[in-house]
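> pasting the sequence and the predicted coordinates here, then a few questions.
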Number of protein chains: 2
Amino acid sequence: MPPKPHTPTAPNALTVNETLSLLATVLACSTVLARALLQGDDGAPLIASLAMSGIAFSATYAMIRWLGPTFIGAGIKGVDMSKAHNKKEIPECMGAVCAVVYIFCMICFIPFPFYKDIVSATSGGGNRDVVIMHEEYVQEGRFLHRFPHNKLASYLSAIMSLQSIALLGIGDDLFDIRWRHKFFIPAFAAIPLLVVYFVDFGVTSIVVPIPLQPYLGVELLNLGGLYYFYMAAIAIFSPNSINILAGINGIEVSQSVVIAALLAFNDVLYLLTPYPHPATDSHLFSLYFLLPFIGVASALLKHNWYPAKVFVGDTFCYFAGMVFVVVSILGHFTKTLALLLIPQIFNFVYSAPQIFGAIPCPRHRLPRFNHRTGLLEPSVTTWDEDKQPKPPIAAVLRLLAKMRLIRLREDEETKNITETSNLTLLNLWLVWRGPLKEDRLATEITTLQVVAGLFGLFVRHKLALLVFRQDNWSL
Amino acid sequence: MPPKPHTPTAPNALTVNETLSLLATVLACSTVLARALLQGDDGAPLIASLAMSGIAFSATYAMIRWLGPTFIGAGIKGVDMSKAHNKKEIPECMGAVCAVVYIFCMICFIPFPFYKDIVSATSGGGNRDVVIMHEEYVQEGRFLHRFPHNKLASYLSAIMSLQSIALLGIGDDLFDIRWRHKFFIPAFAAIPLLVVYFVDFGVTSIVVPIPLQPYLGVELLNLGGLYYFYMAAIAIFSPNSINILAGINGIEVSQSVVIAALLAFNDVLYLLTPYPHPATDSHLFSLYFLLPFIGVASALLKHNWYPAKVFVGDTFCYFAGMVFVVVSILGHFTKTLALLLIPQIFNFVYSAPQIFGAIPCPRHRLPRFNHRTGLLEPSVTTWDEDKQPKPPIAAVLRLLAKMRLIRLREDEETKNITETSNLTLLNLWLVWRGPLKEDRLATEITTLQVVAGLFGLFVRHKLALLVFRQDNWSL
């Protein structure tokens, strides 16, 4: 082993108030957890999941604070460009702390939903090689919230995908991989999920919307191998779309918390339907993954919200996106996820001309900080006189400007385009709303996410009946 | 997101010869793999595992070369202290590359041993919710090398533990965690393995040696919760023991390759017994984990052997140790593993006085490089006149010196101890053999590992019959 310098780790102490609040939370949650462990009544795993989420929140909160100086010491740090005094370095890649706490928590949670069912479902006497499992038992013998053993492989594969994305995300944050390479990181991380889906489950059929049924002649369409491409596409899109809706304090985390909360809300709707319902287990499964995520992400949000004391890193964005991917793929509600990602989808489509090179893309497209006013303004791409956009692109840009979808400035004499605002949702919002303070912008975009998400859920449960035979959430 | 500088990555090119050899290996292995996939006859998964190991070797070999500059650019680098020109920095923590390739390979391998069995074992028609599994089927219906579905959870938990140790090992390499904290890293990483063992398998009985049976009155002793402590102890010891038998080029990797090869040799012995044999599946399972490990570790060894072009990092040592832990725990041959770790156990026991502070422990105990001769000599702890060891310790040191188990120097007049060699196997070997060149020392210690390991296997299969009723490898 080569020599290594010892990094002095002066801990960033928690205040007395914080320490007491966190300790109280941990104590209360541990009590609930112990009760769930000992009594083991029907709702126990869900209650245990809630308690674990509280512990995960506290652990993440404290560790982010304590590990800050260690991260800075190891050179994992960055400068906030949107502040007046922009010299101070703060820790970067704190999403890694979230990810580690989350994964640890999910692993320790395994016995709660899985243990009891297995014991009672085996042939007894410690001999668990041959699993005796009657169909009636699976259908009626359980109420909330125990899973049959065959869900364990899915659960483990989901954690593996999340571990993979954490590992690759940290690699990305350390080595700053090129954009066109890192785009595919989530696809690699999704492999455990898809491989186990393949050997374990293998359902590759989708319900055909009613208007299309006469043409295809079937209600269920088996997509076969294509279905894996579809899942891979979701797995690539979700993490990357969160990663590109970024650039101001708190926005990556707040949008993730909102999406997770809305998914959890949707899951709870299914728990209220009479059991047995075919989708209940999937949504319970989803809740077990979402609650601890909300826990760790909220702790990160406290530190990353304006003015940010830590950065989250690509690790967090990928990780959050992948949590949504695993719950929606294993729970078979990828279309619902898509409805909750409307702002991300808009941002991606809107950004596409710059991402795919039709319009020059500067290295950073985050809103510009105006040092005089202290407000954020849309950042711009400038067009030199001798490097004007090609006529068709110029025409599109002028059209977008007319529709107020970009801000465009022209030279008054030559009518040349001098600058256009960069194509991100954040810049567009600033075009519409005028210069804003950073936290105000983050709050407004987060509110937009909430409103768009609630609308998405409304579409899912009400309007979907226009094109599908029935809502699978049938009260 | 904060700004990040773009790291220029000038790739460390492979030579034409290397490129051709690696390409040929990948091509040959891919052909074998495709054949195994399409034909799917009985030995297919084992052949696929061999082919994948070849691909894993090639991928690791190439990636270590290509990623070198990237690692150095990210500050993950170190200086070799045992070289005459000791200014050159080389990449550190290359074990992370091994780990990532290995995990990726193990995930892609899942369908080979698991797919066919599941398809034929379910109720058909794509309905795999209810698994029909007859005892006769499990006992006779399969030959080598398909696993029943309930092994999948064990397989996934093993990969999760390996992913965890990679993640925590990288954290250790980046942040240089204190010794007394990092000692417990493997315990955390072992949690997925132990939790799934708990919910999935739960066998906690051990066979009592014949001489002890009259006293205990049983043949099988159920250790209950204690068994988990036993497994956790193995999980902590194995990775750490490899990590402390370190300090010269190549030694961490070569010992790991030797142990893996001997474990694989032992596994092959079981494949040659008539099927069905109760231990066959466990040893096949073990082979699937060991072969790709030998692949990636050999590629690393090529770069880490004297004169090292890369360092392996704690990540590698932990990772290698954890591979041995997962195969031996899931295969129920932890005692065999202990027999193969004899040099590591000796090194640990011998080091204990320094590790636990009875004798001062300098930060580095690796052998001292003599710049004049170019040879390695034992490194020493020096004792000042006013800071002599306490009388009992001095007595022990003198006794050890008399038994030639340390080198001790005294002041000729005062008879005070002036220096004692540091308590590591490498230093002890140099005390016995005199100064050696670095690669010579590494070769000799590796040979020692081979001889001790073969002796261990001999003990396992021959002498064990003196204390156990039967060898479970019965020809």
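Looks like it came in fine.

> tell me how chain A divides into domains.
As assigned by automatic domain parsing, chain A contains the domains A:10-123+A:143-340+A:440-474, A:368-436.

> quick one, which of the ones you listed is nearest to chain B?
domain A:10-123+A:143-340+A:440-474 (2.8 Å; Cβ to the nearest Cβ). Using the backbone N, CA and C atoms, a C-beta is placed for each residue, glycine as well.

> can I get the domains of chain A in TSV including mean neighbour count, distance to B:Leu226 and mean pLDDT?
TSV is the format used below for those (neighbours: other Cβ atoms under 10 Å in any protein chain shown; distance: least, Cβ to Cβ, whole Å; pLDDT from 0 to 100):
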stretch	mean neighbour count	distance to B:Leu226	mean pLDDT
domain A:10-123+A:143-340+A:440-474	20	18	87
domain A:368-436	16	57	92
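
> switch those over to CSV; also include distance to B:His332.
Output for these, formatted as CSV (distance: least, Cβ to Cβ, whole Å):
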stretch, distance to B:His332
domain A:10-123+A:143-340+A:440-474, 19
domain A:368-436, 56
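
> how about a markdown table for the ones you listed, with distance to chain B added?
Shown next, in a markdown table, are those (distance: least, Cβ to the nearest Cβ, whole Å):
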| stretch | distance to chain B |
| --- | --- |
| domain A:10-123+A:143-340+A:440-474 | 3 |
| domain A:368-436 | 12 |
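
> the longest helix in chain A is where?
Determined from DSSP state H, the single longest helix within chain A is helix A:44-73.

> check which element follows that helix along the chain.
strand A:77-79 (DSSP states H and E).

> which strands and helices lie in contact with that following strand?
strand A:89-91 (3 or more Cβ pairs under 8 Å, 6 or more residues apart in numbering or on different chains; DSSP states H and E).

> direction included, what does the strand it packs on pair up with?
In the sheet, strand A:89-91 lines up against strand A:77-79 (antiparallel) (DSSP bridges).

> any idea how far the partner strand is from the middle of the chain?
23 Å (Cα atoms, centre = their mean, to the nearest Å).

> can you check stretch A:376-394 too?
On Cα atoms, centre = their mean, the centre of stretch A:376-394 falls 33 Å from that of its chain.

> residues in contact with it?
For stretch A:376-394, the external contacting residues (Cβ atoms under 8 Å, 6 or more residues apart in numbering or on different chains) are A:82, A:248, A:354, A:358-362, A:364-370, A:397, A:407, A:409, A:411, A:414, A:416-422, A:427-428, A:430-431, A:435-438, A:441.

> so which of those residues are in helices?
Going by DSSP H, the helices hold A:354, A:397, A:427-428, A:430-431, A:438, A:441 from the contacts of stretch A:376-394.

> widest-spaced pair of those?
A:Leu397 and A:Glu438 (27.3 Å; Cβ to Cβ).

> please report the distance of the residue lying farthest from the centre of chain A from A:Glu385.
Here the centre of chain A is the reference, and by Cα atoms, centre = their mean the most remote residue is A:Glu413, at 47.7 Å. Distance from A:Glu413 to A:Glu385, counting by Cβ to Cβ, to the nearest Å: 11 Å.

> can you give me the strands in chain A?
Along chain A, counting by DSSP state E, strands occupy A:77-79, A:89-91, A:205-207, A:220-222, A:368-370, A:375-377, A:380-382, A:408-410, A:417-421.

> quick one: residues in contact with the last one.
For strand A:417-421, the external contacting residues (Cβ under 8 Å, 6+ apart) are A:359, A:378-383, A:388-389, A:394, A:397-398, A:401, A:406-411, A:427-428, A:430-431.

> again with the fourth one
Counting by Cβ under 8 Å, 6+ apart, strand A:220-222 makes contact with A:204-208, all of which sit outside it.

> how close does A:Glu18 sit to B:Asn416?
Distance from A:Glu18 to B:Asn416, counting by Cβ to Cβ: 54 Å.

> same question for A:Pro362.
Distance from A:Pro362 to B:Asn416, by Cβ to Cβ: 70 Å.

> also A:Leu397?
86 Å.

> could you verify my assumption that A:Cys105 touches A:Met52?
Yes - with contact defined as Cβ atoms under 8 Å, A:Cys105 reaches A:Met52; the gap is 5.3 Å.

> now do the shared contacts for the two.
With Cβ under 8 Å, 6+ apart, A:Cys105 and A:Met52 have common neighbours A:292, A:295.

> span of stretch A:170-181 from start to end?
By Cα to Cα, to the nearest Å, the extent of stretch A:170-181 from end to end equals 15 Å.

> give me the residues contacting that stretch.
For stretch A:170-181, the external contacting residues (Cβ under 8 Å, 6+ apart) are A:76, A:92-93, A:96, A:182, A:185, A:313-315, A:318, B:4-7, B:70-71, B:73-74, B:76, B:100, B:167, B:170, B:174.

> residue contacts, A:Leu156?
A:196, B:153, B:156-157, B:160, B:192, B:196.

> list the contacts of stretch A:426-437.
A:245, A:247-248, A:251, A:350, A:365-367, A:370, A:373-379, A:404-407, A:421, A:441, A:444-445, A:448.

> so how far is that stretch off the chain centroid?
For stretch A:426-437, the distance to the chain centre is 24 Å (Cα atoms, centre = their mean).

> likewise for stretch A:446-461?
16 Å.
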